[in-house]
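Colleague: Below is the sequence, then the predicted model.
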Amino acid sequence: MSGRQGRLTVLAGPTAVGKGTVAAYVREHHPEIWISVSATTRPPRPGEVDGTHYWFVSDDEFDRMVDDGELLEWAVVHRAARYGTPRRPVEQALADGRPALLEIDLQGARQVRETMPGALFVFLAPPSWDELVRRLVGRGTESQEERDRRLQTARDELAAVTEFDVTVVNTEVHDAAEELVALMVGQ
């Protein structure tokens, strides 16, 4: 494409902060940005499409992907499902010179920092703890037990903000997404 290597940006933050919503906005309004689609062993939520939101795979298929080195990073998230980033599409987007975005969890971001330290690491933060809780409860997609587990994980994830290069506060999706894109292409 451009003959120059693209740069990887890693977007992470606590559960329910709106990582997926911000990434969906970027996907819709900024087609020049390549966005990775993660593989997961969790079942789809209402409205999620295989290959668009996630690659929904079985535990056996995920094991095969790990064993064959096909994942750039992977982790067990919220002590439940596994998520991972297929390596080959990321490498291809970067080789094509496209700005590339990974929307992943904290564990995955730490793994990518080890293998791709030149990436830009962006922490998506909620405007407040109360707003984060409101968003998680408002989704209505998790049981009370799952919400409690995710909120405990979120406390740990919020404490990791200093591990990131930049923090973007997600008060309004449009503003957070445009700030993220400016960071990605303004380098």
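Modeller: Received the coordinates, thanks. Residues are numbered from 1 along each chain as shown.

Colleague: As a check, name the ranges of all helices in this protein.
Modeller: 19-29, 59-67, 87-95, 106-115, 129-139, 144-158, 173-185 (DSSP state H).

Colleague: okay, which residue is most central for this protein?
Modeller: Geometric centre of the chain, nearest residue: Glu103, 1.8 Å, by Cα atoms, centre = their mean.

Colleague: contacting residues around Val22?
Modeller: Leu11, Glu103, Leu124, Asn170, Val173, Ala176, Ala177, Leu180 (Cβ atoms under 8 Å, 6 or more residues apart in numbering). C-beta: built from backbone N, CA, C; applies to glycine.

Colleague: any low-confidence regions in the protein?
Modeller: 1-5, 78, 187 (pLDDT under 70).

Colleague: same thing but 80
Modeller: Low-confidence segments of the chain, defined by pLDDT under 80: 1-6, 77-80, 138-142, 186-187.

Colleague: circling back: Ser36 is in contact with the residue nearest to the centre of the chain, correct?
Modeller: Yes: Glu103 lies in contact with Ser36 (Cβ atoms under 8 Å); the separation is 7.2 Å.

Colleague: Might one say that Ala160 is in contact with Leu106?
Modeller: Yes: if you go by Cβ under 8 Å, Ala160 and Leu106 touch, sitting 5.4 Å apart.

Colleague: Neighbour count: the two, which is higher?
Modeller: Leu106 (23 against 16; other Cβ atoms under 10 Å).

Colleague: Now the more buried one. Nearest residue, chain neighbours left out?
Modeller: Excluding the flanking residues, the one nearest Leu106 by Cβ to Cβ, 6 or more residues apart in numbering is Glu157, at 4.9 Å.

Colleague: Could you pull out the buried residues of stretch 22-42?
Modeller: 22-27, 30, 33-41 (16 or more other Cβ atoms under 10 Å).

Colleague: what about it, distance to the chain center?
Modeller: Here the centre of stretch 22-42 is set off from its chain's centre by 9 Å, with Cα atoms, centre = their mean, to the nearest Å.
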